[in-house]
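# I'll drop the sequence and a predicted model, then ask my questions.
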Amino acid sequence: MLVKTSTYYSSAAALAVATALFLVLGAGALGIIGSGGRADLWYAAALAVGLLGALLTRFRARGMALSMAATAAVTVLIGIGAVTAGLHGDGSAFDVIMISTMYAALFAASAWLFDRAAERSPGSA
């Protein structure tokens with residue numbers, strides 16, 4: 001099946017933006033770590049990694065793939081760090097890890113789509 005580079009890139013970008021918005025909603029309105037609050041602000045670091053990576057790589061597909069992979073890794077590390085520090089409060093540690101992993105999987109899927117776009121773009125290494 002022949003899929004255009006722009007289709008992969010557009011799908012990856014849409015997934016990344018949707019995941020970021022979903023993360024902001026989940027962390028801000030509902031709370032991932034405990035019942036919301038300061039600990040949930042840690043997830044802003046993951047979004048900052050993604051945004052900074054996108055800007056530094058000038059939104060090129062290969063760089064965006066690396067940026068989204070780093071965002072996924074930071075998201076998981078935030079969940080693990082919150083549980084390790086005991087910030088989950090009355091909430092389940094398992095829930096914090098699994099929700100963080102879900103967001104990371106969505107960012108990783110975006111990274112994979114950006115990578116596919118980079119493979120198909122002319123002049124890519």
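Yep, it's here. Residues are numbered from 1 along each chain as shown.
# secondary structure element for the residue nearest to Arg60 when sequence neighbours are not counted?
In this structure, Arg60 finds its nearest non-sequential neighbour in Ala118, 7.6 Å apart by CB to CB, 6 or more residues apart in numbering. C-beta coordinates here come from the backbone N, C-alpha and C atoms, glycine included. Here Ala118 is covered by helix 93-120, with elements defined by DSSP states H and E.
# buried sites along that helix?
Judged by neighbour count using 16 or more other CB atoms under 10 Å, the buried positions of helix 93-120 are 96-97, 99-104, 106-118, 120.
# what is the rounded mean pLDDT of that helix?
Mean pLDDT, computed over helix 93-120, is 96.
# can you check stretch 22-34 too?
The predicted model assigns stretch 22-34 a mean pLDDT of 89.
# what residues does it touch?
Counting by CB atoms under 8 Å, 6 or more residues apart in numbering, the neighbours of stretch 22-34 from elsewhere in the structure are 36-37, 39-44, 46-47, 75, 79, 82, 87-91, 96, 99-100, 103, 106.
# Distance of Gly28 relative to Leu113?
When distance is defined by CB to CB, to the nearest Å, Gly28 is 26 Å away from Leu113.
# Tell me which residue lies nearest the centroid of this structure.
The centre of the chain sits closest to Phe107, judged by CA atoms, centre = their mean, with a distance of 3.6 Å.
# Can you tell me the closest non-neighbouring residue to that residue?
With CB to CB, 6+ apart as the measure, Ala72 is the residue that lies nearest to Phe107, at 3.9 Å, once sequence neighbours are left out.
# Also Gly53?
Setting aside the residues directly before and after it, Gly53 is nearest to Ser67 in space (CB to CB, 6+ apart), at 2.7 Å.
# what's near enough to touch the one you found?
Residues near Ser67 by CB under 8 Å, 6+ apart: Val49, Gly50, Leu52, Gly53, Ala54, Leu56, Thr57, Ala111.
# Give me the buried entries from the residues you listed.
Burial of the contacts of Ser67 was assessed by neighbour count (16+ other CB under 10 Å); the buried members are Val49, Gly50, Gly53, Ala54, Thr57, Ala111.
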